[in-house]
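1. Provide a 3D model corresponding to the input given below.
(chains A, B and C)
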Amino acid sequence: MKIKEAASRLNTTPRTIRFYEEKGLIQPEKGENDYRYYNEADLWKLQTILALREVGMSTSKIKTTLQDENEVRKYLNMQRSALYEEWLEIKDMISTLDQMLEQPSFSQKDIFTLSNHLKDVKQKRKSWEDQWNFDSQAKDYDKSLKRSGFRFNVHEFYEEALGSAVGFVKPVEGETGLDIGIGTGNLAEKCFESGASMIGVDQSEEMLKVCGEKHPTIDTRHGHFLALPLMDKQVDFIVSSYALHHLTDEEKLLALQEMDRVLNDNGRIAIADLMFEDEEQKEAVMDQFEEEGNTEAIFAIRDEYYGLRSQLSGWFEQHGYRVEVKRLSDILHVVYAVKV
DNA sequence: CTTCTCACA
DNA sequence: TGTGAGGA
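-> Numbering: from 1, shown residues only, chains lettered A, B, ... in the order given. Down below sits the predicted model:
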């Protein structure tokens, strides 16, 4: 089949097909006359190229995607999270513009403040990278849970924490739940045992792969706290365990806002994580570690962003949630919030 | 009808 | 990331 027929069959132009060839996406056979001849396999490939272009994937990304047929899903997943991130950015730009227009008297300063805030939010979303290298931890994560630290075990009461989160949320058959930072899926598993269908978000492709193999029924999606790959009000409840402490305190509040966006009316949120009660208790606990000379604990805590339970419940209450909390240890708490 | 190249946004 | 013109 010559190029024009191929083009019309695929609803594109010969010029475009040649362009893809130039970019190294496809190599059709050439006849004596130097004409390009396309076979069925070429058409299939062109079809996927066109489809990937249609969802906004760059030609260079498409090239790497097509290297391994089995990886197509993975790249589509990445593409989805990238598009959600763009969508959120545009939404933020629009609402900032709206706010600028709402200013009664146009003062340079207020506009600048708004634009700076917007820039800040964009920055935070973009800079969220895999600082903890979860990709390489993925395969051994479950094993590492069982191995305690020498003098400081962050996973003490791990099972209790997950159990308590699910106990708060009480998933019901037919509901859709979201687990953010799903990891290998231990918490989500307890949720879908009670009949809810689960969506799991993680920024690590490797984690998603391990999770997908362990729990094929979970809808695993690439994404992160600051840009959830979901539409507004799409889930009935949200759970998250041992994940929020990877975000700075400022980012934590943005993350709560993002959860609020995807959560349905009357939705529930349960967060089980390493955190302190409040500033006072944090100081007391850190002093205690200091006295005991427990440097292992101090380093571990300094290495991440253990937040304050009071900060989280404060945000929830300000935004119309009813809050319940449970303390499992000095540094392990569950925060439960219902949107009312 | 197809090819290629150059220029253009 | 494509598109249009123009010659062979």
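2. what residue ranges in chain A score low on pLDDT?
-> A:106, A:129-132, A:147-150 (pLDDT under 70).
3. how far is the longest helix anywhere in it from where the chain is centred?
-> For chain A, the helix with the greatest residue count under DSSP state H is helix A:72-102. How far helix A:72-102 lies from its chain's middle: 13 Å, per C-alpha atoms, centre = their mean, to the nearest Å.
4. what comes up buried for that helix?
-> For helix A:72-102, a neighbour-count test (16 or more other C-beta atoms under 10 Å) marks A:75, A:77-82, A:84-85, A:88-89, A:96, A:100 as buried. (C-beta placed from N, C-alpha, C; glycine too.)
5. please apply the same query to stretch A:314-334.
-> Counting neighbours by 16+ other C-beta under 10 Å, stretch A:314-334 gives A:315-316, A:321, A:323, A:325-326, A:328, A:330-334 as buried.
6. let me know the secondary structure of the residue nearest to A:Ala270 when sequence neighbours are not counted.
-> Spatial nearest neighbour of A:Ala270, excluding adjacent residues (C-beta to C-beta, 6 or more residues apart in numbering): A:Ala165 at 4.1 Å. A:Ala165 falls in the helix class when you classify it by DSSP: H, G, I helix; E, B strand; the rest coil.
7. which ones are touching A:Ala165?
-> Counting by C-beta atoms under 8 Å, 6 or more residues apart in numbering, A:Ala165 makes contact with A:187, A:239, A:241, A:270-272, A:334, A:336.
8. filter these down to just the ones in strands.
-> Among those, DSSP state E puts A:239, A:241, A:270-272, A:334, A:336 in strands.
9. dihedrals phi and psi, the residue nearest to A:Ile182 when sequence neighbours are not counted?
-> Distances taken as C-beta to C-beta, 6+ apart place A:Gly200 nearest to A:Ile182, at 3.3 Å, with adjacent residues excluded. Dihedral pair for A:Gly200: phi -120, psi 130, per degrees, to the nearest 10.
10. beta partners for A:Gly200?
-> As for beta bridges, A:Gly200 partners with A:Asp179, A:Thr220 under DSSP bridges.
11. help me confirm that it comes into contact with A:Leu187.
-> No. Between A:Gly200 and A:Leu187 there is no contact under C-beta atoms under 8 Å: 9.2 Å.
12. sorry, back to before: now the ones in strands among the contacts of A:Ala165 as CSV including distance to DNA strand C?
-> What follows is those, written out as CSV (distance: C-beta to the nearest atom of the strand, whole Å):
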residue, distance to DNA strand C
A:Val239, 38
A:Ser241, 38
A:Ala270, 41
A:Ile271, 39
A:Ala272, 42
A:Val334, 45
A:Tyr336, 45
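13. export these as TSV, with columns for distance to A:Ile26.
-> Output for the ones in strands among the contacts of A:Ala165, formatted as TSV (distance: C-beta to C-beta, whole Å):
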residue	distance to A:Ile26
A:Val239	44
A:Ser241	45
A:Ala270	49
A:Ile271	48
A:Ala272	49
A:Val334	53
A:Tyr336	53
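14. nearest to A:Glu279 among those?
-> Minimum distance to A:Glu279 across the ones in strands among the contacts of A:Ala165 is 18.9 Å, recorded for A:Ile271 (C-beta to C-beta).
15. distance of A:Thr12 from DNA strand C?
-> 7 Å (C-beta to the nearest atom of the strand, to the nearest Å).
16. specify the local secondary structure of A:Ile182.
-> Classified using three-state DSSP, A:Ile182 is coil.
17. centre-most residue in chain A?
-> Central residue of chain A (C-alpha atoms, centre = their mean): A:His224, 2.0 Å from the mean position.
18. out of the buried residues of stretch A:314-334, which are inside helices?
-> Going by DSSP H, the helices hold A:315-316 from the buried residues of stretch A:314-334.
19. and the furthest pair within the buried residues of stretch A:314-334?
-> A:Tyr321 and A:Asp330 (25.1 Å).
20. enumerate every residue touching the closest residue to A:Gly24 other than its chain neighbours.
-> Counting by C-beta to C-beta, 6+ apart, A:Gly24 lies nearest to A:Lys63, which is 6.1 Å off, once chain neighbours are set aside. Counting by C-beta under 8 Å, 6+ apart, A:Lys63 touches A:23-25.
21. next one: phi and psi at A:Lys63?
-> Given degrees, to the nearest 10, the pair of backbone angles that A:Lys63 has is phi -60, psi -50.
22. which of the contacts of A:Lys63 come close to DNA strand B?
-> When the contacts of A:Lys63 are checked against DNA strand B using C-beta under 7 Å from any atom of the strand, none falls in range.
23. pull out the buried residues from those residues.
-> Buried members of the contacts of A:Lys63, counted by 16+ other C-beta under 10 Å: A:Leu25.
24. okay, the contacts of A:Lys63 in JSON lines with secondary structure next?
-> JSON lines is the format used below for those (three-state DSSP):
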{"residue": "A:Lys23", "secondary structure": "coil"}
{"residue": "A:Gly24", "secondary structure": "coil"}
{"residue": "A:Leu25", "secondary structure": "coil"}
